[in-house]
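Engineer: coords below, sequence missing:
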């Protein structure tokens, strides 16, 4: 009985000691964790800080397609240096090649027709027509002789009036036939009609233009480099269907890496402190010991919403920034396009109270 009475006080005393130990342990300050990397330490007493995004000097060019189609061949590799005009990839052109054969056949047909018209009259065409004219002349002479025989009679009553009219009509028919034969001979001898020649020439030109149109379409299926640069991204493979419309994932990304640019986002509240002749320093993220001097290139004169947030607690999603572009040599730092940098620019005045 006495042992049961001691259980509750013993448990209470144990709980008291546990609570004291917990309070004592919780009030002990935690040791400060060592820095994983030294922070960037710019030499400017008055400065503007901003996040910078590395890009090529030409800006990153998303190479698109003129039309949608199946990729037949990819002619480059990631990281390859290309010259302006070098082929990058080719789309399938089977249907266009077939159409080109048809267009070329139409050119040959139109050219042959034009040559035929220009060669008129053919030497062998004229003798038959000359014979037709001679036959018509003989027929006319015969008709006239028959009419003269009747009209030369002393007694008009020797022949009927119907016969006399028939002989006169025969002369008129012979004259008309002679005129027709002479006209056909003259037209054939004169060669092709001038408007016919012009129409044939126009058909040749139209057919040749149709050939050039198809050839241009075939040439457009070979995508070429717009500038000299380096292939930064390649998301194309032979056999895939590629859409001409640009999406969030570019098919090819090309850039000139002979000089690197860094696009610095300056908070709109610090934009008034920026000077074009201000010195700049860029630091590699994760290593404050790696830095290089930056050379001013230009200012994009439009303040826009910030899109690439660094994750710092003082940044707001509604922050607007002025973008300033600086440059540096690609061998100055071990960095790549698309990588972020910590950038500090020298300022002539201090920031407003309450801001860094």
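Structural biologist: Arrived safely. The structure presented is a predicted model; accordingly, all values stated were derived computationally and were not measured.
Engineer: report all helices and strands that the helix of greatest length in the chain contacts.
Structural biologist: For the chain, the helix with the greatest residue count under DSSP state H is helix 161-190. Counting contacts by 3 or more C-beta pairs under 8 Å, 6 or more residues apart in numbering; DSSP states H and E, helix 161-190 packs against helix 126-151. No exception for glycine: its C-beta is placed from N, CA and C like everyone else's.
Engineer: just checking, what packs against the helix it packs on?
Structural biologist: helix 161-190.
Engineer: average pLDDT for whichever helix or strand comes after the helix it packs on?
Structural biologist: Note on helix 161-190: by DSSP states H and E, the next helix or strand toward the C-terminus is helix 194-220. In this model, helix 194-220 has a mean pLDDT of 94.
Engineer: got the buried residues for helix 194-220?
Structural biologist: Neighbour-count burial for helix 194-220, with 16 or more other C-beta atoms under 10 Å as criterion, is recorded at 200, 203-204, 207-208, 210-211, 214, 217-218.
Engineer: repeat that for stretch 48-60.
Structural biologist: Buried residues in stretch 48-60, counted by 16+ other C-beta under 10 Å: 48-58, 60.
Engineer: with stretch 170-188 instead?
Structural biologist: 170-171, 174, 177-178, 181, 185.
Engineer: now the residues you listed as a markdown table including distance to residue 148?
Structural biologist: Shown next, in a markdown table, are these (distance: C-beta to C-beta, whole Å):
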| residue | distance to residue 148 |
| --- | --- |
| 170 | 12 |
| 171 | 9 |
| 174 | 13 |
| 177 | 19 |
| 178 | 17 |
| 181 | 23 |
| 185 | 27 |
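Engineer: ok, so of the residues you listed, who is nearest residue 14?
Structural biologist: residue 185 (138.1 Å; C-beta to C-beta).
Engineer: could you count how many residues lie near the closest residue to the closest one other than its chain neighbours?
Structural biologist: Leaving aside its sequence neighbours, residue 185 sits nearest to residue 129 (C-beta to C-beta, 6 or more residues apart in numbering; 4.1 Å). For residue 129, the tally of surrounding residues (other C-beta atoms under 10 Å) stands at 18.
Engineer: residues contacting residue 129?
Structural biologist: Going by C-beta atoms under 8 Å, 6 or more residues apart in numbering, residue 129 touches 181, 184-185, 188-189.
Engineer: with those in mind, which one is nearest to residue 256?
Structural biologist: The closest of the contacts of residue 129, once distances to residue 256 are taken by C-beta to C-beta, is residue 188, at 68.6 Å.
Engineer: name the nearest residue to that closest one, ignoring sequence neighbours.
Structural biologist: residue 121 (5.0 Å).
Engineer: so when I look at the one you found, I'm seeing a strand, right?
Structural biologist: No: using DSSP: H, G, I helix; E, B strand; the rest coil, the assignment for residue 121 is coil, not a strand.
Engineer: could you shift the numbering so residue one becomes 653, and keep it that way?
Structural biologist: All set: I'll call the first residue 653, so the last point we hit is now residue 773.
Engineer: which one of the contacts of residue 781 is nearest to residue 892?
Structural biologist: Residue 892 lies nearest to residue 840 out of these, by C-beta to C-beta, at 62.3 Å.
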